[in-house]
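Participant: Here is a sequence with its predicted model. Questions after.
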Amino acid sequence: MIKRAQLDDFLVPFVDEGNRKRAKRFALRDSDAGAKPFSAGSKQADRERLSEFAVRLDEMQERLHAQRRERVLLILQGMDTSGKDGTIRAVFHEVDPLGLRIASFKAPTLNEAAHDFLWRIHSQAPEAGELTIFNRSHYEDVLVPRVLGQLSDEETARRYFHIRRFEELLADSGTAILKCFLHISKDEQRARLQSRIDDPTKHWKFDLADLEARSHWDAYQAAYGHALAATSTPWAPWYVIPANSKSHRNLMVAALLLRVFEGLALEYPPAKESLTGITIA
């Protein structure tokens, strides 16, 4: 198992609401997207190690679902092509879909936009006994309008305040929250976008809007850095996942999630005395 202290090297410092300067010291540019500190030495070795983690995750998720008391929320954020879909496929390929749910968030519909920005998010929060994965999340409703100049500094700060309180509410209600920013470099994104253009079977994954977003790369990096610094808390921590290497990305997310599960001390429900001695004819 990857040691806790090693994983915490990638933990974004917790926001101190009484000292905003502490949060501002975090800068995403200081994180190396190409790092592979937890790699076992090769892609194949990483996949084998991931399979070991996945089997353990399946066992823990079954206990979570059987117990129907705790909740787990994994939030995946990142630039286009950072691997949110790929992470879900790789990390959860051994996990029983029973009690596992994925929620994806795109641009708000007219009905969603008519409500407060967290309205559509709360209904997708995990139920008791459920592991829910947010493929993008409520952070989209701050990051995108912020980069496009549609949110003032004051409104941005208000939304991050409400996000911290919203996530605190979930945590106080029995939801363990893990937030992972899948960090890739601009060169790696270029290569991944180009591969989608070069392969006709991947054209469905390519959107010209991705190029528009890429043209704002520096602004998005700054916005993400600010978001992570403003909303990493003890009850909902952010981790920066070096994601240029897909196998390393998957391994690290699995290790972090497994640590969350192990911290819940999950057990199967007590055996039913009424079933003792029953023999099926």
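Facilitator: It's in.

Participant: can you count the residues close to residue 229?
Facilitator: Number of residues near residue 229 (other C-beta atoms under 10 Å) recorded here: 22. All C-beta atoms are positioned from the backbone trio N, CA, C, and that covers glycine.

Participant: Setting the sequence-adjacent residues aside, check what's closest to residue 120.
Facilitator: residue 112 (4.4 Å; C-beta to C-beta, 6 or more residues apart in numbering).

Participant: Just give me the neighbour total for the one you found.
Facilitator: Neighbour count of residue 112, defined by other C-beta under 10 Å: 16.

Participant: next one: residue 258
Facilitator: 19.

Participant: Buried ones in the helix or strand containing it, by neighbour count?
Facilitator: Residue 258 belongs to helix 246-262 when elements are defined using DSSP states H and E. Within helix 246-262, the residues scored as buried using 16 or more other C-beta atoms under 10 Å are 246-258, 260-261.

Participant: Closest to residue 94 out of those?
Facilitator: residue 254 (10.0 Å; C-beta to C-beta).

Participant: Strands of the stretch 101-250 of the chain, start to end?
Facilitator: For the stretch 101-250 of the chain, the strands defined by DSSP state E, counting those that start in this stretch cover 131-135, 175-183, 238-242.

Participant: for this protein, what helix or strand is lowest in average pLDDT?
Facilitator: helix 20-24 (a mean of 53; mean pLDDT, DSSP states H and E).

Participant: right, and the helix or strand after it?
Facilitator: Helices and strands here follow DSSP H and E; after helix 20-24, the next one along the chain is helix 43-67.

Participant: Just the angle for that following helix relative to strand 175-183, thanks.
Facilitator: Helix 43-67 runs at 160 degrees relative to strand 175-183, counting by axes from the mean of the first three to the mean of the last three C-alpha atoms, to 10 degrees.

Participant: contacts for stretch 3-17?
Facilitator: With contacts defined as C-beta atoms under 8 Å, 6 or more residues apart in numbering, stretch 3-17 is touched by 22-23, 25-26, 31, 37-38, 164, 228-234, 237-242, 252, 255-256, 259.

Participant: model confidence over it, on average?
Facilitator: Mean per-residue pLDDT for stretch 3-17: 86.

Participant: list the buried ones in that stretch?
Facilitator: Buried residues in stretch 3-17, defined by neighbour count with 16+ other C-beta under 10 Å: 7, 10, 12, 14, 15.

Participant: mind listing the helices for the stretch 51-200 of the chain?
Facilitator: Secondary structure of the stretch 51-200 of the chain (DSSP state H, counting those that start in this stretch): helices at 84-91, 110-113, 119-122, 140-147, 153-172, 186-198.

Participant: from the buried residues of helix 246-262, which is closest to residue 201?
Facilitator: Nearest to residue 201 among these, counting by C-beta to C-beta, is residue 246 at 18.1 Å.

Participant: Next one: the closest one from residue 36, what distance?
Facilitator: With distances taken as C-beta to C-beta, to the nearest Å, residue 246 is found 11 Å from residue 36.

Participant: and of the helices of the stretch 51-200 of the chain, who's closest to residue 268?
Facilitator: Closest to residue 268 of those is helix 84-91 (C-beta to C-beta; 23.1 Å).

Participant: Helix 246-262 and the closest one, what's the angle between them?
Facilitator: If you take the same axes, to 10 degrees, helix 84-91 sits at 70 degrees to helix 246-262.

Participant: In helix 84-91, which residues are buried?
Facilitator: For helix 84-91, a neighbour-count test (16+ other C-beta under 10 Å) marks 84, 87, 88, 90, 91 as buried.

Participant: Tell me the bridge partners for the closest residue in space to the first one that isn't next to it in sequence.
Facilitator: Using C-beta to C-beta, 6+ apart and skipping the chain neighbours, the partner closest in space to residue 84 is residue 76 (4.5 Å). Each beta-bridge partner of residue 76 is listed here: residue 135, residue 180, as defined by DSSP bridges.

Participant: what number of residues lie near residue 76?
Facilitator: Residues within reach of residue 76, counting by other C-beta under 10 Å, total 25.

Participant: how much space between residue 67 and residue 99?
Facilitator: Using C-beta to C-beta, we find residue 67 at a distance of 10 Å from residue 99.
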